[in-house]
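*Asks:* Just a sequence and a predicted model for now, questions to come.
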Amino acid sequence: MSESVSLLGKDLIGLEPLSRDQIVTILDTAEHFKDVSERKVKKVPVLRGKTIVNLFFEASTRTRISFEFAQKRLSADTVNIATSASSVVKGETLVDTARNLEAMRIDMVVMRHASSGAAGFLAERIPSNVVNAGDGRHEHPTQGLLDMLTIRDHLGRLEGLNVCIVGDVLHSRVARSNIFGLLKLGAHVAVSGPKTLLPVRMEELGVQVFPRVEEALEWADVINVLRLQLERMKAGYVPSLREYNRFYGITRARLDAAPRDILVLHPGPMNRGVEIDSDVADGPNQVILKQVTNGVAVRMAVLYLLAGGTPEIAHTVREVEET
Ligand code: CP
């Protein structure tokens with residue numbers, strides 16, 4: 001493994017600063033790592049000797065566990081820190097926490113934090129690689145990448161597709177990473193939801209706005225359905241969850257009325273019966289658990305590339321392991 005500057009730079013904080021080529025490299029490298037998770041022995045030695053800390057200041061099921069699986073499948077040594085059981089609760093700052101971890105000679109930190117900008121703030125202050133696992137409303141880059149990989153798997157391309165993000169876009173770091181990534185890869189991007197849950201000036205980013213979800217479904221090849229982030233809402237953004245479902249919920253009837261088959265994604269966790277009905281969440285159009293499976297491969301690719309790996313070596317690892 002090369003110790004020189006990685007193809008992605010030192011850290012992965014968001015998709016906004018990445019080039020189209022860097023995003024394609026991550027997706028293509030993830031393709032090479034997919035089959036590691038299908039083998040009897042789910043392990044390759046490419047991060048042997050590396051120590052990675054998962055520092056989660058917010059709850060997570062998919063992201064935290066799939067980062068840990070990705071690290072273990074690349075043979076890294078991993079430590080999970082539940083901040084509720086750490087000295088953070090005694091008032092220790094983020095930077096002091098990270099510096100103490102660095103004193104134990106770590107190589108990378110994967111961090112989720114409630115504050116937008118927290119991952120970038122940390123990345124500027126420690127020499128270890130920092131991977132943003134979601135910071136406030138800012139970005140959730142590995143979620144954006146796994147969403148793009150899943151769309152590409154199922155529709156064969158991203159360029160020229162109409163992708164609509166439906167729901168609570170205002171509070172969503174997933175929406176921002178999807179928008180930045182999809183636009184760079186040539187997709188047409190739209191958002192749909194109640195006015196109170198859509199950021200202003202979306203058009204300036206090159207994003208179309210559909211105030212009515214039915215219009216969005218007439219236009220879309222793909223929808224990415226977001227949950228209402230009730231934990232980030234201080235005021236009443238929607239009159240009631242029942243009303244939200246009535247006007248914006250993705251229901252079987254709404255999908256059946258659309259002019260074409262629409263691929264349905266949801267980053268999870270889902271609020272069934274609110275933003276998505278169960279017959280859609282478990283139905284034939286959705287690829288929700290495939291997103292989760294792809295999350296492991298995408299996170300393997302990101303960790304591997306940040307550690308100085310190259311796409312060519314990923315290919316070699318695959319061939320060596322198969323023979
Ligand atoms: N999609 C996502 O970030 O899920 P978790 O909050 O469970 O990690």
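*Replies:* Nice, I can see it. Residues are numbered from 1 along each chain as shown.
*Asks:* need the contact list for the closest residue to Arg152 other than its chain neighbours.
*Replies:* Using Cβ to Cβ, 6 or more residues apart in numbering and skipping residues adjacent in sequence, the residue nearest Arg152 is Leu158, 5.6 Å away. The C-beta positions use only the backbone N, C-alpha and C, and glycine is treated the same way. When contacts are counted by Cβ atoms under 8 Å, 6 or more residues apart in numbering, Leu158 touches Met148, Ile151, Arg152, Leu182, Leu185, Gly186, Ala187.
*Asks:* Please apply the same query to Val222.
*Replies:* By Cβ under 8 Å, 6+ apart, the neighbours of Val222 are Ile151, Leu155, Leu161, Asn162, Val163, Cys164, Ile262, Leu263, Val264, Leu265.
*Asks:* circling back to that earlier point, helices - which of the contacts of Leu158 land there?
*Replies:* Judged by DSSP state H, the contacts of Leu158 include Met148, Ile151, Arg152, Leu182 as members of helices.
*Asks:* The first one - how many residues pack around it?
*Replies:* Right, the one you point to is Met148. Met148: 27 surrounding residues under other Cβ atoms under 10 Å.
*Asks:* ok, now the last one?
*Replies:* Residues near Leu182, counting by other Cβ under 10 Å, number 26.
*Asks:* bridging residues for the closest residue to it other than its chain neighbours?
*Replies:* In space, and not counting its chain neighbours, Leu182 is closest to Val189: 5.0 Å by Cβ to Cβ, 6+ apart. With DSSP bridges as the criterion, Val189 is bridged to Val163, Val207.
*Asks:* Hmm, Ala190 and Val213 touching each other?
*Replies:* No: in this structure Val213 lies outside contact range of Ala190 using Cβ atoms under 8 Å: 10.9 Å.
*Asks:* mind giving me JSON lines with the contacts of Val222 and columns for pLDDT and distance to the ligand?
*Replies:* Putting these into JSON lines (pLDDT from 0 to 100; distance: Cβ to the nearest ligand atom, whole Å) gives the following:
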{"residue": "Ile151", "pLDDT": "98", "distance to the ligand": "16"}
{"residue": "Leu155", "pLDDT": "98", "distance to the ligand": "21"}
{"residue": "Leu161", "pLDDT": "98", "distance to the ligand": "21"}
{"residue": "Asn162", "pLDDT": "98", "distance to the ligand": "23"}
{"residue": "Val163", "pLDDT": "98", "distance to the ligand": "17"}
{"residue": "Cys164", "pLDDT": "98", "distance to the ligand": "18"}
{"residue": "Ile262", "pLDDT": "98", "distance to the ligand": "20"}
{"residue": "Leu263", "pLDDT": "98", "distance to the ligand": "17"}
{"residue": "Val264", "pLDDT": "98", "distance to the ligand": "15"}
{"residue": "Leu265", "pLDDT": "98", "distance to the ligand": "11"}
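*Asks:* burial count for the residue nearest to Leu182?
*Replies:* 23.
*Asks:* Let me see the backbone angles for the residue nearest the centre of the chain.
*Replies:* What sits nearest the mean C-alpha location of the chain, by Cα atoms, centre = their mean, is Gln143, with 0.8 Å. Dihedral pair for Gln143: phi -70, psi -40, per degrees, to the nearest 10.
*Asks:* Please report the distance of Val88 from Val207.
*Replies:* 36 Å (Cβ to Cβ, to the nearest Å).
*Asks:* right, I mislabeled it, should have said Asp256
*Replies:* Counting by Cβ to Cβ, the gap from Asp256 to Val207 is 26 Å.
*Asks:* And the helices in the stretch 151-300 of the chain, which stretches?
*Replies:* Chain-ordered helices for the stretch 151-300 of the chain, with DSSP state H, counting those that start in this stretch as the definition, fall at 173-184, 213-219, 241-248, 252-256, 278-281, 288-306.
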